[in-house]
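**Student:** I would like to see how this sequence folds:
(2 chains)
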Amino acid sequence: MSSFKPFRMTYREACKQAIRDALLADARCFVMGEDVGKYGGCYAVTKGLLEEFGPARIVDTPLAEVGFVGAGVGAALAGLRPIVEIMTCNFSLLALDQIMNNAATIPHMSGGQFAVPLVIRMATGAGRQLAAQHSHSLEGWYAHIPGLKVLVPGTVEDARHMLAAALADPNPVLIFEHIVLYNAEDELDPAVTTVDIEHARVRRQGKDVSLVTYGNSLPKCLAAAQQLASEGIEAEVIDLRVLRPLDTATVIESLTRTHRCVIVDEGWKSGSISAEIAARLAEDALYELDAPVRRVCAREVPVPYAEHMETASLPQVPDIVAAVRSVVKAG
Amino acid sequence: MADFLMPALGADMETGTVVQWLVEPGARVKPGDVVAVVETHKGAIDVECFLDGVIGDLVPVGERLPVGAVLARVMETGGKPAVSVKASKSAVSAVAQPASPPLGREAAAPRTGQSTPVNPRRKVSPAARQRALQIGLDPDALSGTGVDGAVVLGDVERAGRRTRSVAAPAAAASAAHRGSFDPVQMRQAIASAMARSKREIPHYYLSSTVDFDAAQAWLQAWNRDRDPVHRLLPAVLLLKATALALREVPQFNGFCEGGVFRPGVGIHVGWATALRGGGLVAPAIHGADGRSPAELMEAMRDLVQRARAGGLRSSELTDPTVTVTSLGDRGAESVLGVIYPPQVAIIGFGRVVERPWVVDGQIVARRLVNLSLAADHRTSDGHLGGQLLAAIQQHLQSPETL
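**Tutor:** Presented below is the predicted three-dimensional model:
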C-alpha cells in the first residue's frame, strides 16, 4: 500500500508522498485547489501528480476560494474524501464562511447525521519575503473554532503521516504547512508508519524550562535549547503538533518538572494560541509556576517585505534564548 | 497506641489543613489539651485531643487532609513512650525561645531595603508559596532570587534545609494564617450543609410574639450601675431562657441519627455568629442552662471574638446540641431558621421592637420579640414545639430567675 521507503526526505516531499499514498489507497480521495495540477502547486507539493492520477483526481480550480472550498464541503458531505489546498492561509479568509459556517458546523447542526470528512491543507507563516498578504500565521485563529481540528506539522515525520490520520477523521481537519519548512530535510524512521493527531510531543528533554511551540518555531526552539545547554540551562522543547484540540496535559506535565514556561509562536501575541496556553497554565497549573510565563511572538505588525525587517518581526533564536534567560536565573 | 484523627468540625467539613502543631513529638497530652491548629472553612480552629498519653508521628503541616485522616499517634499511658519526657521538655523550651532565624512579616520588614518600596507586597512565585506552606515556612520572610526579586522554589528549598527546627516556622506560618478563612470555601460549606438540611430534614415552623417588657426592665436595673464591659445584652436572657426551656422539653436538644432521636448530653447551645466579610458559624456555649447571665455574657463575648478573629476550639464546633440565632438590635423582626444537621431544632429571636399590645383589655406600648422554632418533624411534632415556645416565653416573664 505504502510507497514509503526509508531515506532522507524533505518536508515538501513528505507532504507529496502523503497525498500520493492517500490517492492510491482510496478512490474517493482527490486533490483540488489553485494551480495544484498543471503548475504542480504553488510550493510544488503536488508536482507530477496530475500526470500520475489525471484531471479527475487532481483538479485545478479558478481563483475562487469560497467556491472551491464550498465544493470540497459538498464533496465530503456526499461521501468523497477531498484534499483541498489553499495557497496560503491569508487567502483562506475568503473561504472562512465555508470553513466555519459549513464545514465546522454542519455535523453539529445535523445532530451528527452529516459528517464532513474534509481535509484542507494550507501554507502558513513567514520567512520567504512574500510580504503581508502571504506570510501570516492564522492557525491560532482556526484553533478558536469548535468542530475543526487544527494540525501544525513541524517535522518531516508529521508532514509525512499526519494527512492519513486527518483523512481518517470524520471531522474537517485543517493542516498548516509552514512555507520555510518545505525545504527542511530529515531522516525518516521506517518503523513509524502512522502518527496520532491528538498529542503534543516532547522533542527535547530538559529540567529548567519548558519551551512550548509548533511549526517553524520548533527548529528555532531546538537551536535555542542547544545554545542554552552550553550555558548550563536545560530546556525542554514541546511540539504542540495539534492546536485544536489542544493537549494541555503534556504541557502541564512538563511544567511540573521545570516550573517555568516560555511559549514561542509565530502568530501575533494578542488574542493568540500563545495567550490560550498561558491562560490554561494560569487556570490549571498556577501553583507549578515558579516564574512568570513568557511569550516570544511575532511583532504586532503586518509581516514586512524587506528581509531585515521580516527577520526582525519574527521570533528568532536570540529572542528565545533571551526570554529563557530572563526566567531561569542562577537561583 | 491510638490514632488522633482529623476531626469533623461540623456536618459541612470535608477536609482540613494542619497549620501548626502546638506539641512536639514525644510530648505528653491529656484530654482537652489543644494540640494543633487546623485550618478549615471556618478559619483556624484549635483542635483538642481526647487521648491520654505520649504523642508522636505528627503529620507535616500544610497538608490538606480529609476528615478522619490520622494526624498523629498517641501512645496511651501505660504503654512505652516513644520519646523520653525529658527530651520533649527540652524541645518545648527550645521552641519557647525565638532562637531560630526570624520568620515573621515584622522581622522581614527592616531587611527589605533592596525591594521596591512602591509595592510592599512581597513577590513569591505560586510554586514557592505552595512549597513553603508544605514545609511550614513563611515565604514572605525569605529573600528572593527570582524574576523581579521574587521568592522562588530554590529559595524556599534552601531555607527549608537551613531550618532544622520544625515547630518554630510552623508557628510563624500559622500566625499568618490565624483568623483567616476563605469566604468562598465557607460559602460552599454553608451551601452544602443547608442544602443537605433542606433536602433531608422535614422542617416545621412555629412562632409566637413574646412580651419582653419584664426582661427589659430587669436588664435596665442590672445594667444601671455597671460599667459597659459588665453590662448584659438582651441576647443573654434569650439564650438562658431557651436553655432552661430545653431542660424541660429535652426532645429538641439532641440529634437525629438514622431517623431516630438521640438526646444531647448537656445543653450546649450553638450560638449563630455572623462573620465579617460573610459567612457564619455557630460554636457551642457549653452547659448554657447552668450558667448565670453574667457568665453567659462573658462566654458569648469571648466566643464571638474568637469566631471572628480565629481560635475557636474543636469541641466548640462539634458539641452544639441545638442552635439559637438572635438577630440583635439591627436585625429583622423575625427569623425562621434552617436546622444545622444532625441537630433537630433551631430557635430564632428577631429584633426587640416596641408595638401596641393588649394588656388587661387595654392597648399599651410594649417591647416585644418574635420567637420562632424550626424543628425536625421526624423527631417531634408541633404540639411539643408549642410547649418549648411556651416554656421559653414563661422564663422570659420572670427574668430574676434566669
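
**Student:** What number of neighbouring residues does A:R325 come out with?
**Tutor:** By the criterion of other CB atoms under 10 Å in any protein chain shown, A:R325 has 14 neighbours. C-betas here are computed from N, CA, C, even on glycine.

**Student:** List of residues touching the helix or strand encompassing it?
**Tutor:** Taking DSSP states H and E as the criterion, A:R325 maps to helix A:317-327. Here helix A:317-327 makes contact (CB atoms under 8 Å, 6 or more residues apart in numbering or on different chains) with A:209, A:211, A:220-221, A:223-224, A:227-228, A:231, A:233, A:235, A:260, A:262, A:264, A:291-292, A:294-296, B:147.

**Student:** Kindly write the ChimeraX command that selects the buried subset of those residues.
**Tutor:** The buried subset of those, as determined by 16 or more other CB atoms under 10 Å in any protein chain shown, is captured in ChimeraX by this line:
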select /A:209,211,220,221,224,227,228,233,235,260,262,264,291,292,294,295,296 /B:147
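
**Student:** Restricted to helices, list the contacts of helix A:317-327.
**Tutor:** Among these, the members falling in helices are A:220-221, A:223-224, A:227-228 (criterion: DSSP state H).

**Student:** hey, where'd the strands end up in chain A?
**Tutor:** With DSSP state E as the criterion, chain A has strands at A:8-10, A:29-33, A:58-60, A:81-86, A:119-124, A:149-151, A:173-178, A:185-187, A:201-204, A:209-213, A:235-239, A:242-244, A:261-268, A:294-298.

**Student:** and the third one, what other elements does it pack with?
**Tutor:** Meaning strand A:58-60. strand A:29-33 (3 or more CB pairs under 8 Å, 6 or more residues apart in numbering or on different chains; DSSP states H and E).

**Student:** Show the average pLDDT along the strand it packs on.
**Tutor:** Model confidence over strand A:29-33 averages 98 on the pLDDT scale.

**Student:** Let me see the contact set for A:Y39.
**Tutor:** A:D60.

**Student:** for B:P202, same thing?
**Tutor:** With CB under 8 Å, 6+ apart, B:P202 has these contacts: B:376-378.

**Student:** Now do it, the pLDDT please.
**Tutor:** pLDDT recorded at B:P202 is 95.

**Student:** Could you report the distance from it to A:I277?
**Tutor:** According to CB to CB, to the nearest Å, B:P202 and A:I277 sit 52 Å apart.

**Student:** Map the structural domains onto the sequence of chain A.
**Tutor:** The record's domain split for chain A, according to automatic domain parsing, is A:8-187, A:201-327.

**Student:** Residue in the stretch 251-400 of chain B with the shortest distance to chain A?
**Tutor:** In the stretch 251-400 of chain B, the residue that lies nearest chain A is B:G277 (23.3 Å; CB to the nearest CB).

**Student:** Could the C-alpha coordinates of stretch A:175-188 be exported in PDB?
**Tutor:** Taking Å, rounded to 0.1, in the frame of the first residue of the first chain, the C-alpha atoms of stretch A:175-188 are listed here in PDB:
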ATOM      1  CA  ILE A 175      -3.300  21.200   8.100                       C
ATOM      2  CA  PHE A 176      -1.000  24.200   8.200                       C
ATOM      3  CA  GLU A 177       2.300  23.600   6.400                       C
ATOM      4  CA  HIS A 178       5.000  26.200   7.100                       C
ATOM      5  CA  ILE A 179       6.500  27.700   3.900                       C
ATOM      6  CA  VAL A 180      10.000  27.700   5.400                       C
ATOM      7  CA  LEU A 181       9.800  24.100   6.400                       C
ATOM      8  CA  TYR A 182       9.100  22.800   2.900                       C
ATOM      9  CA  ASN A 183      12.900  22.700   2.300                       C
ATOM     10  CA  ALA A 184      13.700  21.100   5.600                       C
ATOM     11  CA  GLU A 185      15.200  17.600   5.400                       C
ATOM     12  CA  ASP A 186      15.200  14.800   7.800                       C
ATOM     13  CA  GLU A 187      15.800  11.100   8.200                       C
ATOM     14  CA  LEU A 188      12.500   9.200   8.500                       C
END
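
**Student:** Could you tell me the average pLDDT over it, please?
**Tutor:** 96.

**Student:** Listing request: residues of the stretch 51-200 of chain B with sub-threshold pLDDT.
**Tutor:** For the stretch 51-200 of chain B, the stretches with pLDDT under 70 are B:77-120, B:163-182.

**Student:** Repeat the analysis, applying 50 as the threshold.
**Tutor:** B:79-119, B:164-179 (pLDDT under 50).

**Student:** what about the helices in it?
**Tutor:** B:85-96, B:105-108, B:126-135, B:153-162, B:167-177, B:183-200 (DSSP state H, counting those that start in this stretch).

**Student:** Just the buried positions in the host helix or strand of B:V236, please.
**Tutor:** Counting by DSSP H and E, the element that carries B:V236 is helix B:234-248. Buried positions in helix B:234-248, judged by neighbour count with 16+ other CB under 10 Å: B:234-246.

**Student:** In chain B, which strand is the longest?
**Tutor:** Looking across chain B with DSSP E, the single longest strand is strand B:362-376.

**Student:** how about the residues of chain B near chain A?
**Tutor:** When proximity is defined by CB under 8 Å from any CB of the partner chain, chain B lies next to chain A at B:125-130, B:144-147, B:150, B:152-155.

**Student:** List buried members of these by neighbour count.
**Tutor:** Burial by neighbour count, 16+ other CB under 10 Å: within those this picks out B:125-130, B:144, B:146-147, B:150, B:152-155.

**Student:** Could you identify the longest helix within chain A?
**Tutor:** Under DSSP H, chain A gives helix A:11-25 as its longest helix.

**Student:** about what we covered before: the contacts of B:P202, buried ones only, as a PyMOL selection?
**Tutor:** Entered in PyMOL, the line below selects the buried ones among the contacts of B:P202, by 16+ other CB under 10 Å:
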select buried, chain B and resi 376
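
**Student:** got the residues of the stretch 201-331 of chain A near chain B?
**Tutor:** Within the stretch 201-331 of chain A, the residues that sit near chain B (CB under 8 Å from any CB) are A:259, A:286-292, A:326-327, A:329-331.

**Student:** Please convert the buried members of those into PyMOL selection syntax.
**Tutor:** Entered in PyMOL, the line below selects the buried ones among these, by 16+ other CB under 10 Å:
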select buried, chain A and resi 259+287+288+289+290+291+292+327+331
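
**Student:** Quick check: A:I175 vs A:A282, distance?
**Tutor:** Applying CB to CB to A:I175 and A:A282 gives a distance of 30 Å.

**Student:** Which one's more surrounded, the two?
**Tutor:** When neighbours are counted by other CB under 10 Å, A:I175 comes out ahead of the other of A:I175 and A:A282, with 25 against 12.

**Student:** surely the more buried one meets A:T124?
**Tutor:** No: applying CB atoms under 8 Å as the test, A:I175 and A:T124 come out as separate, 9.5 Å apart.
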